[in-house]
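K.L.:
build me a model:
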Amino acid sequence: MRRECWHLRLRVHRFCKWQVALAFTLICLPWDAALAGTSRLYPPSDGETGGLRLTQIMAIATRDDILKSGETLQHLLASGLKDSDLKDGSVAMGRIYCCHLATEQGTAIWFYVPPEVQVSPGELVIVRMGRKATKKDPGVVNTAVEVREKKDTSNSQCSWSPQDEKMWTRVLYCTWMPAEGWKLNNGLHKTWMKPAS
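P.N.:
Numbering: from 1, shown residues only. Take a look at the predicted model:
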């Protein structure tokens, strides 16, 4: 029994590593290409430019992942980042919605993680939404601002709302949001946001 459990854990670990690698190779590249110049590195709508969103880290890219990311790498460099800025952990993927794999991956956002912000999978991170690139403007990529809550915090003030585990699309909500100026955006991309000041 113990041996079977060990093999199961090993398979799960290998699957998780494989899934993370796919996230940065098979998901990101086709998405960029399919949307004709748009990228998950930018907000899904112009109204989010400069605003803050809360996301939960799903995956973190290695430098090798970033350098092989095609258009994603081009967007990062066009936004003013240098090759030397792109290290292990410089790009992360975060889920905005829960709790179905297709929903989580299909709506996940990508963002640059500056060296002063250290992130780990499962943490809740505040991200400043960027500005979409155009033919005349290289744009600004989404950027992590701070880790707001560590994974498995015992006194967490955040949860997926509504608290119905059967729902495929639930949004992150934290009790501190209203007092800090965050507002519920009920548009196409329903989420709690702090508008750009």
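K.L.:
right, and Pro195 touches Gly51 too?
P.N.:
Yes: with contact defined as CB atoms under 8 Å, Pro195 reaches Gly51; the gap is 5.1 Å. Yep, even glycine has a C-beta here, placed from its N, CA and C like the rest.
K.L.:
and those two? which has more neighbours close in?
P.N.:
Using other CB atoms under 10 Å, the more surrounded residue of Pro195 and Gly51 is Gly51, with 19 against 14.
K.L.:
local confidence estimate at that one?
P.N.:
pLDDT recorded at Gly51 is 95.
K.L.:
for it, which residues are in contact?
P.N.:
Gly51 is in contact with Pro43, Arg128, Met129, Met193, Lys194, Pro195, Ala196, counting by CB atoms under 8 Å, 6 or more residues apart in numbering.
K.L.:
okay, the residues you listed in CSV with pLDDT and secondary structure next?
P.N.:
As requested, the contacts of Gly51 are exported to CSV (pLDDT from 0 to 100; DSSP: H, G, I helix; E, B strand; the rest coil):
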residue, pLDDT, secondary structure
Pro43, 90, coil
Arg128, 97, strand
Met129, 96, coil
Met193, 93, strand
Lys194, 95, strand
Pro195, 92, coil
Ala196, 91, coil
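K.L.:
of all these, which comes closest to Thr175?
P.N.:
Minimum distance to Thr175 across those is 14.7 Å, recorded for Lys194 (CB to CB).
K.L.:
counting neighbours, what do you get for the closest one?
P.N.:
Neighbours of Lys194 using other CB under 10 Å come to 17.
K.L.:
so it is in contact with Gly181, correct?
P.N.:
Yes: using CB under 8 Å, Lys194 is in contact with Gly181, at 5.4 Å.
K.L.:
and the spatially closest residue to Arg95 that is not a sequence neighbour, helix, strand or coil?
P.N.:
Leaving aside its chain neighbours, Arg95 sits nearest to Glu104 (4.4 Å; criterion: CB to CB, 6 or more residues apart in numbering). Three-state assignment for Glu104 (DSSP: H, G, I helix; E, B strand; the rest coil): helix.
K.L.:
quick check: Ser197 vs Pro43, distance?
P.N.:
For Ser197, the distance to Pro43 equals 16 Å [CB to CB, to the nearest Å].
K.L.:
more neighbours, these two?
P.N.:
The neighbour comparison of Ser197 against Pro43 (other CB under 10 Å) goes to Pro43, with 24 against 7.
K.L.:
who touches that one in this structure?
P.N.:
Thr49, Gly51, Ile109, Met129, Gly130, Arg131, Lys132, Asn142 are the contacts of Pro43 under CB under 8 Å, 6+ apart.
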